[in-house]
Each structure stands twice: as structure tokens, then as C-alpha cells.
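> let me see the structure of the following:
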Amino acid sequence: MATIMTRTYPLEKTRNIGIAAHIDAGKTTTTERILFYSGKIHRMGEVDKGAATMDWMLQEQQRGITITSAATTCFWRDHLINIIDTPGHVDFTVEVERSLRVLDGVVAIFDAVAGVQPQSETVWRQANKYSVPRIAFVNKVDRAGANFHRTLHSLRERLGARAVAVQLPLGEEGEFRGVIDLIRMRGITWPDELGAEMKEAPIPADIERLSSRFHDALVEAAAETDETLMSKYLETGSLSVEEIQAGLRKGTLSYSMVPVLCGAALKNKGIQPLIDAVVDYLPSPLDVPEVKGVTPESDEVTIRRASDDEPFCALAFKVISDPHVGKLTYFRVYSGESRRGASVHNSTRKKKQRLGRLLRMHANRREDVTEVRTGDIVAAVGLNGTTTGDTLCDDKYPILLESIHFPEPVISVSVEPRTKAEEEKLILALERLQEEDPTFQRHTDSETGQTILAGMGELHLEIICDRLLREFKVGANVGRPQVAYRETITRQAFAEGRYVRQSGGRGQYGHVKIELLPLSVGSGFEFVNKITGGAVPIEFIPAVEAGIREAMEGGVLAGYPMLDIRATLYDGSYHEVDSSEPAFKIAASMAFREAAQRGGPMLKEPIMSVEVVAPEERLGEVLGDLNVRRAHISGLEATPGRTQTIRTLVPLAEMFGYATALRSLTQGRATYTMEPSHYEIVPETLAQQIIERGQGARH
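Here you go, the predicted model:
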């Protein structure tokens, strides 16, 4: 493996982009074509044959889906493009979340048959959250049932995007042969099978009027972004190619429009203009706002400009276990530069770290680099104390960037090592998997001693367990998936906890009074210290909070973790000799449990947002089955191919085995997707059964 110097590309000629979409819209196939036409790879691999460059994990190749985001770099028109190909399955939404946190632009891909799908909406919301400019690529225009105009409409209606077509398909479905470039008003076709040769063609007479109408709308949208362009447009009624592109770029960077292109990645049509659009419309690191953080000691807001002359500042966004080099930490450099072997400060963990080998990644292949600069996305070996969301910076100029927040797991399984010898291997493997994936959690049930794994869905946990067996060679027995219920309180409650023990020598003394208040959904846990006059010495306050947090993990109804609670420590007492941290921790735990019992504890269950596409003639049976599953139907919409799309909210507990049931009801013709939505109080009759079951499992 050759050591190379990082090739210096000006920041204005650097693009950091993500490829994101609903599952099976063609993200990995599109990325594969981008790499081929840009000369990064010399042979295109296909997803369905398990040969795609970016799907390098064994589980990805077997299932034909992307599970982990993969990074690569290519070059186009003298620009450096860092690309992250993200998963489309909702169980791996963490990969999209953390990638979007560090990217400057996104290519959102849509299936021309299905249009905007549930995970498309999730990705769009995530991009909105991080203010990431994007362009859209309507893929699979060659498939039966494809309709570019319907997809364009759904972008506007379902996503609220100002979607501006910069291309139209030249023929659709089986007749698709190229695209119409609405900026230059010309046709483009790909006569050879590999799609390497692009050929210009006149616009056919039968769609000339339609193309002119879309061209006029495009020019008007570009003119609206700039006063000078608008003045010229009002005077002359037209703009030059360069002026249209400048207007589109400005509109894309200000989030006021989304340029829409089209093609058929699998048939090698439409990819080169898409890479041109990445260069022409998506931002360089200089086009995005300066990164903001706080000074760790003072919490003062501080900024870093995108410049090599600024102090070094980077965000770690992904950790993986590489079988060849050990732990790899991916990070994005926002400012400054550093070299292999240099020391950096982890301001999140308040510790010094040394950059070992620096690697530019191409999926799971690596190239050594000697230095990193502003705008680079690389991986480092040796950052053993750094995890996802940590800030790396110059210790003379510390800064703490906003971390990455991840959703709560909704489903769990128990796992047990098959032999005593496997126990230690299991713990080490789970620790490494947890480091990689912040949405995967584990804990030990204090009553049963079982190890409980929690994740975002059945597929997520299935992949985790598969990796335990194949990658880490751990033999383990896995239980059936269980719903990750939660507990909360419904009213204000007070309690005190007093822990006193005398045993001849020094005793134990801890005494606290706390108040609990229910918080709104999604608030998590808040701890407030209202001690005055030293009733509880300041050194014991962290032990009180730790005791409350520990008690919350076990709940008070059926052993499920508690959430959406504010705990306020308002009084207590101490003994000058006998008080200790363990004593206050136990006292706080006792107080919390008593207060939670008085606070009207209730069970909460995860509610899933479900979208079912079913044939019209089977709609009644599908709706009837959903009603039995306690579904709240929120919308029905006619979709192509005499099908109906049902949007509904359903408790996760009712969705186990749904794939089989739906197949049976519709003779295999219906499909569904689901993603976590929120938590809701469990109906009282069901809650009692769950509580009894939970208590029975623990005794």
C-alpha cells in the first residue's frame, strides 16, 4: 500500500456530499456509476450480485442492501469529491444522521415509480435539521410504471420542496433513451451499453412545447435568486447558460430550491450530468456557514472559518472495527491542518489523543496520507479514546462542537453465551459494536442477570447477532425480539430517602428529599440541584444524580427504563463522619423509587409510522387487519398500478409477524415500511398484562 501526500485541491474545488434515499431507490448503484465514470474504479459491480464496491460487508452483499455508510473520494472536472453512500433502511438511520452532520451537500435519489417514500421523507427531514443543500435525482425512469412528472409533483407536495426540473426524460419506461437538458435546450443520449459516450441530439418535435414550458419555469426560478439576473430577465426575457447555472447554485445554497435531474443508473444513463450538477450546484466548504462551537471552560460561542490558517478543528462522526488495523475513527476537518503522529485534544473527553496512521478510505480499502486539511474526510488509527460525536481540536485553541443526537432504541432481545468461555468474548464484542453504533444499547437485567440488546428494529438486531457470530466468532443464544417499553410518571410527587447503617466502626449516612415532575414526550431526564445552605455537601450531589439515574434504569412497574422526568433535589442532611458517596447514591435511589410510585407511574410503548402499499381489491382486508392491530389510519392515497397507499400509526407490539400476515392477505402483492414515531401511554387493560408478564420474568 503506497503512502501518498494529500493532493491539494483548492477549497472552492472540494465537495463533501452524501448519497441518500429510501431503500432500493438505487443509491449504491448510482455511486458505483459515479466512481466508474470519474475513473476511480474500472469495472462496475452490481448490488444484486453482491459485487458493489461500496457494499463491502458480508451482510450487505448477502442481503443486497446497504447497512453501513461507506466513504470514498473521486475527481471530476478538476474537483475533489468526497462521497458517503448511506443506507436506506430505517433501522440504520443512525448512519444517515451522522453522515449528514458532517456533509456539505446531498444527492437525494428517488424511484421514478414509487416517488417520495417514507425513508425519503426521513432523510429529507434530517437534511433540513442540519441545513444541508441538496439536489434530486429521479432514478429508474426506464422501469414500467415510471413517471417523472408524478415524482416531481410528490417532491413538491410531500416534501414541501421547490423542486425545479433541470432535465426531462427523453422517453419513459421501456422507451427511455436519454434526457433533455433544459438549460441548454438539447437532448442527450447514451448510445453505447456502458454509457461512457454522451451524444447530443435535437429535442423531438412532440415534446418541444413541453420542454419550452419547463425551460421558461427554470429560467424564471434562476432569475428570482438575484436582483441583477431578475433585471436582465425582465428586460430581455432570457438568461445565458452561465447565468442560469449561477442562479440555480445560489438558490440551492440558500435552500430555496432543489434542482431535479433524472436517469437510469442501472442502464448507465444520466450519471455524467449528475456529477456535473454536484460540481455546479452543491457547496464547497467555503459556501457553508462557519462552524460554531463553545469554549469548553467558559461556554462562550466561538467560530472556526473554513481555512487551513485557522486552528485545527474536526468532528469524529463514525467508529468502526477494522480486522486489519483495529479501531478506525472517521472525522471531518472543519478548519486548520494536522499531520500523522501529531497530538490533538479531544475536548469532549478532555484528553490528549495521537493521530496514528491517517487513511483516505475507499469503502473498506485504504490509502495512507501524511496530512489532513480543511474539508478533508479521513479515518485515523490510534484514537482509542474517541467516540462518535467527539470534537478534536488544537489544545491551545479548544472548541467543543455540537455533538450528534441519536434516537432511542425501540426493540430488544436477550443474548446469552453458549459456554462460560464465550462470556468474556461476548462482552468485548458487544463493547466494540456499541462503540461503532450509538443506536445499539446493551444492559444487564439486575433481576435475571441476562444481557439485553436494544436496537432500532428487527433487522438491526439480526445484523448485530449475525456479526457476533461471523465477525467476532462468539457463540450465543438469542431470545425472541421484545418491545422496548418505557415507564414514566403522570403527576408531581415528593419523597425522601434515608440510608443509615451502623456496623461497629464508621457507619453510612445519606439523606435526601426530592421532587419528581413529568416532562413532555421526548424530553428525557433532567436533574436540578436546589440545595441551599449546604444541607447536602456539593461533593455528594453527583452521587445523588447517579443514584436517581440508576433507579430509573429499572423502573417501578415492570422493570423498564423510565423517561421524561425532572428530578429536583431540594433538601437533605448529612453526617460529618458517616456520610459518603455510596450512602447518598442509595438514599437517592430509595427516594426516587418511592416518589415514582406516588407519581402515577404508567407504561409507554413505541408507536411506529407505517406505510402500506396494497392492491385496491385487497384494501378492505388490509385495513381490517390494521384495525385489529390498534392502528390509527392517517391517510389513504391512490397510487400507480391500481394500488392504494395507507399511512398509519401502529404500536410496535402489534407489528411482529406483519410481513407474513400481509403476504397472506394480498398473495404477496403488498409491501410495507415502518419507522419509529413516538411513545404513547399503553391502554390500561394491556398495561396490566405487560406488567404481570414483566414481573413474572423477573421472579
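
> please report how far residue 651 lies from residue 679.
10 Å (C-beta to C-beta, to the nearest Å). All C-beta atoms are positioned from the backbone trio N, CA, C, and that covers glycine.

> between the two, which contacts overlap?
In terms of C-beta atoms under 8 Å, 6 or more residues apart in numbering, residue 651 and residue 679 are both contacted by the residues 605-607.

> in CSV, list the residues you listed along with secondary structure and neighbour count.
Listed next are those as CSV, based on DSSP: H, G, I helix; E, B strand; the rest coil; neighbours: other C-beta atoms under 10 Å:
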residue, secondary structure, neighbour count
605, strand, 24
606, strand, 21
607, strand, 20
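
> where does pLDDT dip in the stretch 251-400 of the chain?
Under the criterion pLDDT under 70, the flagged ranges of the stretch 251-400 of the chain are 363-364.

> low-confidence stretches in the protein?
1-8, 43-69, 88-91, 363-364, 446-448, 503-505, 640-641, 694-699.

> would you mind giving the shared contacts of residue 651 and residue 679 as JSON lines with distance to residue 522 added?
Converted to JSON lines, these look like this (distance: C-beta to C-beta, whole Å):
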{"residue": "605", "distance to residue 522": "15"}
{"residue": "606", "distance to residue 522": "12"}
{"residue": "607", "distance to residue 522": "12"}
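
> ok, those residues vs residue 369, which is closest?
residue 606 (43.1 Å; C-beta to C-beta).

> contacting residues for that closest one?
For residue 606, counting by C-beta under 8 Å, 6+ apart, the contacting residues are 410-411, 483-485, 651-652, 676-679.

> apply 10 Å and report the result again.
408-411, 483-486, 651-653, 655, 676-680 (C-beta atoms under 10 Å, 6 or more residues apart in numbering).

> next step: these restricted to strands.
Among these, DSSP state E puts 411, 483, 486, 651, 676-680 in strands.

> pull out the buried members of the residues you listed.
411, 483, 486, 651, 676, 679 (16 or more other C-beta atoms under 10 Å).

> nearest spatial neighbour of the second one, chain-adjacent residues omitted?
Just to be clear, that refers to residue 483. Excluding the flanking residues, the one nearest residue 483 by C-beta to C-beta, 6 or more residues apart in numbering is residue 653, at 4.7 Å.

> try the third one
Beyond its immediate neighbours in the sequence, the residue positioned closest to residue 486 (C-beta to C-beta, 6+ apart) is residue 604, lying 4.5 Å away.

> that neighbour contacts residue 558, doesn't it?
No: checked against C-beta atoms under 10 Å, the pair residue 604 and residue 558 is beyond contact range at 11.5 Å.

> what about the residue sitting nearest the centre point of the chain, distance to residue 437?
Among the residues of the chain, residue 97 comes closest to the average C-alpha position under C-alpha atoms, centre = their mean, at 2.5 Å. From residue 97 over to residue 437 the distance is 11 Å, taken as C-beta to C-beta.

> next, show the common contact partners of residue 604 and residue 558.
Common neighbours of residue 604 and residue 558 (C-beta under 10 Å, 6+ apart) are 485, 487, 687.

> in space, what's closest to the first one - neighbours in sequence excluded?
Meaning residue 485. Looking at residue 485 with C-beta to C-beta, 6+ apart, the closest residue is residue 560, at 4.5 Å.

> three-state assignment of the one you found?
coil (DSSP: H, G, I helix; E, B strand; the rest coil).

> who are the contact partners of the residue nearest to residue 483?
Contact analysis of residue 653 by C-beta under 10 Å, 6+ apart lists 411, 482-483, 485, 605-608, 629-630, 682, 686, 690.

> picking that back up, dump the ones in strands among the contacts of residue 606 to a markdown table, plus distance to residue 120.
Output for those, formatted as a markdown table (distance: C-beta to C-beta, whole Å):
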| residue | distance to residue 120 |
| --- | --- |
| 411 | 23 |
| 483 | 27 |
| 486 | 29 |
| 651 | 24 |
| 676 | 17 |
| 677 | 16 |
| 678 | 20 |
| 679 | 24 |
| 680 | 25 |
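
> which member of the residues you listed is positioned nearest residue 576?
Distance to residue 576 across the ones in strands among the contacts of residue 606 (C-beta to C-beta) is lowest for residue 486, with 40.2 Å.

> can I assume that closest one is in contact with residue 553?
No: counting by C-beta under 10 Å, residue 486 stays clear of residue 553, with 11.1 Å between them.

> now the common contact residues for the two.
Listed contacts common to residue 486 and residue 553 are 560-562; contacts here mean C-beta under 10 Å, 6+ apart.

> which one among the residues you listed gets closest to residue 429?
residue 561 (23.3 Å).

> so what's that closest one up against?
Residue 561 neighbours (C-beta under 10 Å, 6+ apart): 408, 441, 443, 454, 484-488, 525, 552-555.

> point out the other helices and strands that the helix or strand hosting residue 460 packs with.
Residue 460 is part of helix 458-470 when elements are defined by DSSP states H and E. Contacts defined by 3 or more C-beta pairs under 10 Å, 6 or more residues apart in numbering; DSSP states H and E place helix 458-470 against helix 58-63, strand 411-417, helix 420-436, strand 451-455, strand 476-478.

> what comes up buried for it?
So, applying 16+ other C-beta under 10 Å, buried residues of helix 458-470: 458-465, 467-468.

> could you pull out the strands for the stretch 301-450 of the chain?
Ranges of strands within the stretch 301-450 of the chain are 301-304, 313-322, 326-335, 337-339, 343-346, 351-354, 358-362, 365-369, 371-373, 377-381, 391-393, 400-401, 411-417, 441-444, based on DSSP state E, counting those that start in this stretch.

> and the ones you listed: which comes nearest residue 285?
It is, among the strands of the stretch 301-450 of the chain and with distance given as C-beta to C-beta, strand 326-335, at 7.8 Å.

> so what angle separates the directions of the closest one and helix 420-436?
Here strand 326-335 runs at an angle of 10 degrees relative to helix 420-436 (axes from the mean of the first three to the mean of the last three C-alpha atoms, to 10 degrees).

> and the spatially closest residue to residue 42 that is not a sequence neighbour, what element?
With C-beta to C-beta, 6+ apart as the criterion, residue 42 has its nearest non-adjacent residue at 7.5 Å, and that residue is residue 36. Assigned by DSSP H and E, residue 36 belongs to helix 27-37.

> tell me how far that helix lies from the chain's centre.
For helix 27-37, the distance from its own C-alpha centre to the chain's C-alpha centre is 21 Å (C-alpha atoms, centre = their mean, to the nearest Å).

> give me the helices and strands touching that helix, please.
strand 14-21, strand 70-76, strand 79-85, strand 105-111, strand 134-139, helix 271-281.

> next helix or strand past the shortest one?
Beyond strand 134-139 in the direction of the C-terminus, DSSP H and E gives the next helix or strand as helix 148-159.

> buried ones in the host helix or strand of residue 571?
Residue 571 is part of strand 565-573, with elements assigned from DSSP H and E. Neighbour counts over strand 565-573 (16+ other C-beta under 10 Å) mark 565-572 as buried.

> lovely, talk soon.
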